[in-house]
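Q: Okay, here's the prediction I keep looking at, along with the sequence it came from:
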Amino acid sequence: MTKKQHDQSYVDAFRHAAENPEGFWANAAQAIEWFSEPRLTYDEDKGWFSDGILNTCHNCLDRHVLAGRGDAVALTYDSPAAGAFRSFTYSQLLDDTGRVAAMLASLGVSKGDRVVIFMPMVPETAFAMLACARLGAIHSVVFGGFAAPELAKRIDDAKPKVILTASCGIEGARVIAYKPLVDEAVELSLLGVEHVVLLQRERLAADLGHERDIDWQELRNRTASDAMPACVPLASWEPLYILYTSGTTGIPKGVVRDNGGHAVALSWSMENIYGIGADDAFWAASDVGWVVGHSYIVYGPLLVGGTTVLFEGKPVGTPDAGTFWRTITRNKVKTFFTAPTAIRAIRKEDPQARFLKEIGTGDCRVIFLAGERADPATIDWLERESGLPVIDHWWQTELGWPAIASCFAMGDLRRKPGSAGLAVPGYKFAILRDDGNAVDEGESGNVVIRRPLPPGAFRTLWNNEADFAKNFASFPGYYETGDSGHRDKSGYLYIMGRTDDIINVAGHRLSTGQIEEIIAGLADVNECAVVGAKDPVKGMAPVAFITAQSGAADKGAIAGLAISAVRAELGAVAALKTAYVVDQLPKTRSGKILRNLLRKIVDREPFSVPPTIDDPAIPKAIAAQLDEH
């Protein structure tokens, strides 16, 4: 197939989805096995495939076993952190999921009940999610290790009948005890919880000292003779899960994902974006506590009959900067998905890519990046050293699957440095000024998506219709992504950061993402974050925080080089006069840089360490460094 033919397949799909969305998605829905096929493709009140009946667990497990693929590998647990490796066939995964479903059913869990899952990256976490889907219960996975007050907020909002947890999680070199966090959260919650089921791990055992506590293995043994619960038929619009994301008010927002649209969208994306089908191995190096883990560790690969890799470890330190490449080759991964920050961490430890050159990438055909803007320097390094196409793409928890990407499986490898790619079929983007009018070509503005959003996107927030409506209030007819960016004449979209990362310097609107891109391209820079600090004359002024690569010749000179490079590229209007070289940047456990926290530090405002942070010591170290200056 020629490149022109490759491109045309994407063009045809995009045009079809734009001109006849109901026909496009009705065709995509044929990849799902429905108990009752939908006759109505879209309904304004109940969304996509509203009269269709299905079960997501059935589509992930039962139908593959019934089709004779029970011996195919469904999930591989690869944990350099725990020194463990196990594979599960589809038959085995179905059996383990059925056992957990029986455990939950014995505790009275049924359709519509909520189950909070506060667990590490272990196979039992996937069993639990799929078991909830089987019963029609609504799971809410909370990232393991969240502070107790944050877990308590989610308990109060979701009102779960059961909490599933483990004795500990392993975060690199740290072991985090989960049981004390759960106990404190339950005590802090206004509701309380009837049952806490705990999985004991070898690394650290937990005491079961409360009447509500139940040992996981004992409950499994007690229900071993119970019949596996059947898959509960669910309407397409009924909830599959609640996933909480940070809210501007400090109260988490529960994004609700439906069953039908979610299954159709993920199945379509696995085949057409990532190029994964039956027996193909896919690895998303994320955590099930985040949307990537929901969509592309547990559900997406299993919907298409592939093999998913459940990885417990870090890009560096478990044991070294070669662990990603070993995992890819050991598991015969065909498509790899990770965050730019993970690649930057590897590059910092191994700038010459010695591990990558020694180990290789095995059967891998492509690497996808998402979670934070991928700077061109990082992409260039990874493409050069791996010899693979590296595709930046963009989406959000609210959307549930990619909205901007190069559709690799359609042969569409077109990409431009700094761009997340082209709009995925089904999405209609616009770039608007604050007054709702379209910007001029190439001009930055608010990135919005025309309604209705495609299948898989959220249709509400749990118990919070008012905040849900705010997502559509500023630009009638559009979903406001909260990101700023621009689109070039060829249709490539550039996401430059959150709208509050646009700073106004003496009347000039500057993108901190653009400044970061310039600094990240310098030879000894590993990564950087630019924030707008208060300035008595200009109103705001950019300040850069930079980490250097290992072995950088002169770390002291990096700040001056960064300031000079920005001035040379953007001119004096950029007004970058302050840059700090720090040991580490504050990040969430999913790898996002906490720019709002940096902004408070540089403005000498009081700050609290957010529960999502990876290392609580970093903000204090940066504040102390600034005080020395």
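A: Looks like it arrived, so ask away. Note that this is a predicted model, so its numbers are computed, not measured.

Q: Now do whichever strand or helix holds Q92: which elements does it pack against?
A: Using DSSP states H and E, the element containing Q92 is helix 90-106. On a contact count with 3 or more CB pairs under 8 Å, 6 or more residues apart in numbering; DSSP states H and E, helix 90-106 meets helix 63-66, strand 73-79, helix 123-135, helix 216-222. C-betas here are computed from N, CA, C, even on glycine.

Q: Of those, flag the one that's most buried.
A: helix 123-135 (a mean of 27; mean count of other CB atoms under 10 Å).

Q: Restricting to C-alpha, output that one in PDB.
A: C-alpha atoms of helix 123-135 as PDB (Å, rounded to 0.1, in the frame of the first residue of the first chain):
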ATOM      1  CA  PRO A 123      -3.500  -9.000  39.000                       C
ATOM      2  CA  GLU A 124      -6.100  -9.000  41.700                       C
ATOM      3  CA  THR A 125      -6.800  -5.400  40.800                       C
ATOM      4  CA  ALA A 126      -7.800  -6.300  37.300                       C
ATOM      5  CA  PHE A 127      -9.800  -9.200  38.600                       C
ATOM      6  CA  ALA A 128     -11.700  -6.800  40.800                       C
ATOM      7  CA  MET A 129     -12.500  -4.300  38.100                       C
ATOM      8  CA  LEU A 130     -13.700  -7.000  35.700                       C
ATOM      9  CA  ALA A 131     -15.700  -8.700  38.500                       C
ATOM     10  CA  CYS A 132     -17.500  -5.400  39.200                       C
ATOM     11  CA  ALA A 133     -18.300  -5.100  35.500                       C
ATOM     12  CA  ARG A 134     -19.600  -8.700  35.500                       C
ATOM     13  CA  LEU A 135     -22.000  -7.900  38.300                       C
END
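
Q: Hmm, G521 and P376 touching each other?
A: Yes. The criterion here is CB atoms under 8 Å, and P376 meets it with G521 at 6.9 Å.

Q: how far out from the middle of the chain is the helix holding Q92?
A: 26 Å (CA atoms, centre = their mean, to the nearest Å).

Q: If you count neighbours, what's buried in it?
A: For helix 90-106, the neighbour count (16 or more other CB atoms under 10 Å) marks 90-105 as buried.

Q: Mind checking what helix or strand follows it in sequence?
A: Following helix 90-106 in sequence, per DSSP H and E, is strand 114-118.

Q: What is the distance between that following strand and the centre of its chain?
A: Counting by CA atoms, centre = their mean, strand 114-118 comes out at 19 Å from the chain centroid.

Q: what residues does it touch?
A: Applying CB atoms under 8 Å, 6 or more residues apart in numbering, the contact partners of strand 114-118 are 104, 109, 125, 128-129, 132, 137-142, 144, 146, 151, 154-155, 158-165, 178, 181-182, 193, 242.

Q: and those residues, which of them are in strands?
A: 138-141, 162-165, 242 (DSSP state E).

Q: low pLDDT regions in the stretch 1-150 of the chain?
A: 1-8, 145 (pLDDT under 70).

Q: Tell me how many other residues crowd G556.
A: 9 (other CB atoms under 10 Å).

Q: What of G68?
A: Neighbours of G68 (other CB under 10 Å): 8.

Q: So it lies in a strand, does it not?
A: No. Counting by DSSP: H, G, I helix; E, B strand; the rest coil, G68 falls outside a strand, being coil.

Q: how near is it to Y90?
A: Distance, G68 to Y90, using CB to CB, to the nearest Å: 10 Å.

Q: Ignoring the adjacent residues along the chain, who's closest to D183?
A: Excluding the flanking residues, the one nearest D183 by CB to CB, 6 or more residues apart in numbering is H210, at 7.0 Å.

Q: Name the surrounding residues that touch the helix or strand hosting K600.
A: Assigning secondary structure by DSSP H and E places K600 in helix 595-602. With contacts defined as CB under 8 Å, 6+ apart, helix 595-602 is touched by 497-498, 500-501, 512, 529, 531-533, 543, 545, 585-586, 606-607, 609-610, 613, 619, 622-623, 626.

Q: cool, and stretch 476-485?
A: 396, 398, 430-432, 436, 444-451, 453, 457, 471-474, 493-499, 501-502, 511.

Q: Which element is encountered next along the chain beyond the helix-or-strand element of the chain with minimal mean pLDDT?
A: Ranked by mean pLDDT, DSSP states H and E, the weakest helix or strand in the chain is strand 508-511, scoring a mean of 64. Using DSSP H and E, the next helix or strand after strand 508-511 towards the C-terminus is helix 512-520.

Q: Can you give me the buried ones in stretch 354-373?
A: Within stretch 354-373, the residues that count as buried by 16+ other CB under 10 Å are 355-356, 359, 361-362, 364-373.

Q: Work out for me the element the residue sitting nearest the centre point of the chain sits within.
A: In the chain, the residue lying closest to the centroid (CA atoms, centre = their mean) is V292, at 3.4 Å. Here V292 sits within helix 291-293, counting by DSSP H and E.

Q: Helix 512-520 and the helix holding K600, what's the angle between them?
A: 80 degrees (axes from the mean of the first three to the mean of the last three CA atoms, to 10 degrees).

Q: quick one, what contacts C132?
A: By CB under 8 Å, 6+ apart, the neighbours of C132 are 104, 109, 115, 117, 138-139, 241.

Q: Please consider this matter closed, and thank you.
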